[in-house]
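Asks: here is a sequence together with a model predicted from it:
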Amino acid sequence: MPMLSENPWYVMFGSRQVRQVRTARGTSAQTIEYFRSEDDARDFAREMLGQGHTVQAGTTPGVEPTKTVRPDETAAWCSYKD
């Protein structure tokens with residue numbers, strides 16, 4: 001697992017049909033990638049949205065200030081430019 005200080009942002013993505021992070025067998029139904037910056041996370045999220053995935057993002061636990069981007073907010077967050 002990456003260190004929080006090195007990769008404080010995550011993007012979780014998966015099929016639009018997937019609603020659970022874990023299946024009954026305990027295997028991951030969605031994938032999580034970690035990033036060094038919000039811009040890197042945003043670029044990756046934009047790419048996953050373009051491929052038809054459901055996407056959410058945010059800062060990893062313990063990182064302050066906390067930021068969470070819900071699936072219904074992801075498209076607007078991806079279109080934001082610093």
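Replies: All right, it came through fine. Numbers count the residues shown, from 1 in each chain.

Asks: switch to C-alpha atoms for all contacts and neighbour counts from now on
Replies: Fine.

Asks: report the beta-bridge partners for the residue minimising distance to the centre of the chain.
Replies: Among the residues of the chain, residue 11 comes closest to the average C-alpha position under Cα atoms, centre = their mean, at 1.6 Å. When bridges are called by DSSP bridges, residue 11 pairs up with residue 33, residue 57.

Asks: residue contacts, it?
Replies: By Cα atoms under 8 Å, 6 or more residues apart in numbering, the residues touching residue 11 are 32, 33, 34, 41, 44, 45, 55, 56, 57, 58.

Asks: okay, now the unreliable bits of this protein?
Replies: Low-confidence segments of the chain (pLDDT under 70): 1-5, 16-29, 82.

Asks: just the helices from it, written as ranges.
Replies: Taking DSSP state H as the criterion, the chain contains helices spanning 38-50, 74-79.

Asks: point out the most buried one among those helices.
Replies: Across the helices of the chain, the average number of neighbours (mean count of other Cα atoms under 10 Å) peaks for helix 38-50, which reaches a mean of 18.

Asks: what residues does it touch?
Replies: Against helix 38-50 from outside (Cα under 8 Å, 6+ apart): 9-11, 13, 34-35, 54-57, 74-75, 77-78.
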